[in-house]
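S.K.: Need the 3D shape of this:
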Amino acid sequence: MTNPQPDQPARADRRSLPYPGDEAITAARDRAHLAFAQLFTALGAGRHRLHYAALDVDGRFRLASATITVTTAPAWHLDADPDEFATIEAAVTAALEGSCTVLATLVVQTEHAPDPVVCGWRIERGWLHGMKPAAVQAAVRPCGGSSAPVARAYPAPFLPDPSVSG
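M.R.: Here you go, the predicted model:
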């Protein structure tokens, strides 16, 4: 399917969002690749579940998740379902581009004995900004009566913004 052109009428069966242009999308995709590289380096080896949630400018919510297993020895290797990862990568790219996203977060839950640990980032102004542990803890608290383990929130690792120099 080709990219929409400014002179094309909107289809009634398709939601209408602004089209930022190929350059903006390419730049956001490059930032997403860098963000994921920094993210997986900061998280290190283990099994990580990424949860993405966003509110688009048209009032619709977007959700995506993917499980990533990172191994570091003997060499770095990522293992993930390619469809899950492509979906979350596209969602993060859209949030980093920003023209269609009002609010977006990325929360990572890592399997850790005896209970899982979580951290999270707000995606705004074209980058990932660490969330306070209390905000993440509130977001991932299991429903009352649930037997799910309570994840312990910790400060999100700092991911240096490539657009900020020095």
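S.K.: Pull the contacting residues for residue 159.
M.R.: Applying C-beta atoms under 8 Å, 6 or more residues apart in numbering to residue 159 gives the contacts 35, 38, 39, 42, 121, 127, 128, 130. No exception for glycine: its C-beta is placed from N, CA and C like everyone else's.
S.K.: Redo the residues you listed as a markdown table? Include pLDDT and secondary structure.
M.R.: Formatted as a markdown table, the contacts of residue 159 follow (pLDDT from 0 to 100; DSSP: H, G, I helix; E, B strand; the rest coil):
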| residue | pLDDT | secondary structure |
| --- | --- | --- |
| 35 | 96 | helix |
| 38 | 95 | helix |
| 39 | 96 | helix |
| 42 | 94 | helix |
| 121 | 97 | strand |
| 127 | 95 | strand |
| 128 | 96 | strand |
| 130 | 96 | strand |
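S.K.: Quick check: of those, which lies closest to residue 161?
M.R.: Distance ranking of the contacts of residue 159 against residue 161, using C-beta to C-beta, places residue 127 first at 4.3 Å.
S.K.: Tell me what the residue nearest the centre of the chain is bridged to.
M.R.: Nearest to the geometric centre of the chain sits residue 106, at 4.0 Å (C-alpha atoms, centre = their mean). Beta-bridge partners recorded for residue 106 (DSSP bridges): residue 52, residue 121.
S.K.: Any stretches of this protein with poor pLDDT?
M.R.: Applying pLDDT under 70 to the chain flags the ranges 1-17, 165-166.
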